[in-house]
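**Q** coords please:
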Amino acid sequence: MKKSTIKDISKASGFSNSTVSKALNNSKEISKKTRDKIKNIANNLNYKPNFFASRLRNNVVNNIGIIVPDILNYYFAKVIKGVQLELYKSGYNLTCFFSDESPAIEKKIIKKLRDGSIAGLLISLAKDMHDENTVKNLKELQSYDIPVVMFDRISNEFNCDKVYMDNFKATFDSINHLCKKGKNKIAFLSPIHDTLIGKERYNGYVEGLKSNNIDYKSELYIPYNKEDDIDSEIIKLTSDNKIDAIICMEPENTVSTHSLILNLGYKIPNDIAVLGFTDGPMYKFIKPSITCVNQHGEYLGKYSAKILLDRINDKLGKNFIDEKVPTSLIIRDST
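**A** Here you go, the predicted model:
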């Protein structure tokens with residue numbers, strides 16, 4: 001039998017989560033008549049209090065967990081900073097976990113967090129975000145009344161609050177910018193092609209080309225994995241004069257591509273323009289400085305943390321939040 005939650009009792013009784021919780025804990029704020037009614041419904045639903053709920057009621061749990069795919073990724077570092085700044089204002093601590101892009105590691109972390117050590121979870125999914133075990137474990141975590149907020153890499157198969165950037169528009173706007181600079185042979189390097197984010201950015205790339213009357217060429221879309229030799233692909237495209245601009249998704253790859261193009265003897269941006277994602281710490285110091293999509297990671301982190309705290313404190317309604325955070329372009333010398 002499925003484990004009943006406070007949310008189930010709330011739905012069946014018509015009372016809020018907060019009222020149900022107080023009634024189950026014999027709070028004098030709730031009348032005896034209401035307490036008895038709620039307890040009867042809880043019994044009928046086979047509700048069993050859990051360890052986490054007990055600790056939370058006694059204000060023992062003040063930890064928030066966050067799972068990110070890659071700690072070395074500058075964007076996720078900015079998100080974590082934003083989360084931490086928001087949590088500390090409310091007296092919560094932050095515990096960070098890293099899945100290393102592995103659904104197996106992600107699964108182990110989520111299962112461990114059922115021990116009641118956190119009051120809520122923020123998670124950006126590993127690349128294989130359609131892993132059934134991940135969704136199953138998140139649902140189980142949620143059944144223990146531990147709220148979950150997905151950020152950046154989300155799954156449509158799991159119902160919770162979600163905050164993510166407008167990935168389609170980010171790439172679409174990048175194409176428009178490059179076309180205004182006279183570029184029409186634009187390559188697109190994608191290390192996250194197997195994720196929802198990667199697909200949305202790819203769609204923005206295709207539609208951006210179409211809106212500027214440029215034919216899509218499959219050879220200019222380059223999905224790759226970390227172990228792939230991406231440099232050889234770029235060298236081949238440049239030697240055949242097939243590109244006049246490159247969009248890169250990761251700061252490390254953006255910097256290495258920028259360096260490679262210069263080392264091959266091409267001028268940036270006259271011969272080949274370079275545009276990256278995330279405002280990496282070196283972008284403005286490299287010559288020529290790098291134009292990029294600003295993903296506003298710190299803001300997204302703060303906003304995600306605020307939503308989670310509001311969910312924990314029962315300040316939100318029953319409907320989950322689904323919020324796109326806009327991006328912007330930082331124009332520099334590389335385009």
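**Q** what sits against the residue lying closest to Ala42 once chain neighbours are set aside?
**A** Excluding the flanking residues, the one nearest Ala42 by CB to CB, 6 or more residues apart in numbering is Ile9, at 5.2 Å. C-betas here are computed from N, CA, C, even on glycine. Neighbouring residues of Ile9 by CB atoms under 8 Å, 6 or more residues apart in numbering: Phe15, Val20, Leu24, Ile38, Ile41, Ala42, Leu45, Tyr47.
**Q** quick check: next helix or strand after the host helix or strand of Ile9?
**A** In the assignment (DSSP states H and E), Ile9 maps to helix 6-13. With elements assigned by DSSP H and E, the helix or strand that comes after helix 6-13 is helix 17-24.
**Q** who are the packing partners of that following helix?
**A** helix 6-13, helix 32-44 (3 or more CB pairs under 8 Å, 6 or more residues apart in numbering; DSSP states H and E).
**Q** of the ones you listed, which is nearest Gly265?
**A** With CB to CB as the criterion, Gly265 lies closest to helix 6-13 of those, at 62.5 Å.
**Q** residues of the closest one that come out buried?
**A** Ile6, Asp8, Ile9, Ser10, Ser13 (16 or more other CB atoms under 10 Å).
**Q** what's the spacing between the last one and Ala42?
**A** What that stands for is Ser13. Ser13 sits 9 Å away from Ala42, going by CB to CB, to the nearest Å.
**Q** any shared contact partners between these two?
**A** Val20.
**Q** what about the strands in the stretch 201-335 of the chain?
**A** For the stretch 201-335 of the chain, the strands defined by DSSP state E, counting those that start in this stretch occupy 221-223, 245-248, 273-277, 291-294, 322-325, 328-330.
**Q** highest mean neighbour count out of the ones you listed?
**A** strand 245-248 (a mean of 28; mean count of other CB atoms under 10 Å).
**Q** gap between it and the chain center?
**A** 23 Å (CA atoms, centre = their mean, to the nearest Å).
**Q** pLDDT weak spots in the stretch 201-335 of the chain?
**A** For the stretch 201-335 of the chain, applying pLDDT under 70 flags the ranges 226-227.
**Q** recalculate using a threshold of 80.
**A** Residues of the stretch 201-335 of the chain that meet the criterion pLDDT under 80 lie in 225-228, 280.
**Q** do you know which of the helices and strands packed on helix 17-24 lies nearest Gly297?
**A** Once these are compared by CB to CB, helix 6-13 is nearest, at 30.9 Å.
**Q** how much does that closest one deviate in direction from helix 17-24?
**A** Per axes from the mean of the first three to the mean of the last three CA atoms, to 10 degrees, the angle that helix 6-13 makes with helix 17-24 is 90 degrees.
**Q** Lys306 contacts Leu85, correct?
**A** No: using CB atoms under 8 Å, Lys306 makes no contact with Leu85, being 10.6 Å away.
**Q** so for the two, which sits in the more crowded spot?
**A** Lys306 (19 against 14; other CB atoms under 10 Å).
**Q** distance of that one from Asn253?
**A** In terms of CB to CB, Lys306 sits 32 Å off from Asn253.
**Q** gap between the residue most central in space within the chain and Asp310?
**A** Residue closest to the average C-alpha location in the chain (CA atoms, centre = their mean): Asp152, at 1.7 Å. Asp152 sits 19 Å away from Asp310, taking CB to CB as the criterion.
**Q** swap in Ile234?
**A** Ile234 is 45 Å from Asp310, by CB to CB.
**Q** who has more neighbours, the two?
**A** Between Ile234 and Asp310, counted using other CB under 10 Å, Ile234 has the larger neighbour count: 22 against 15.
**Q** the more buried one touches Ser259, doesn't it?
**A** No: in this structure Ile234 lies outside contact range of Ser259 using CB under 8 Å: 11.0 Å.
**Q** quick check: neighbours shared by those two?
**A** By CB under 8 Å, 6+ apart, no residue touches both Ile234 and Ser259.
**Q** settle this for me: Thr134 is touching Ala104, isn't it.
**A** No: using CB under 8 Å, Thr134 is not in contact with Ala104, being 9.5 Å away.
**Q** okay, and the common contacts of the two?
**A** What both Thr134 and Ala104 touch, as defined by CB under 8 Å, 6+ apart, is an empty set.
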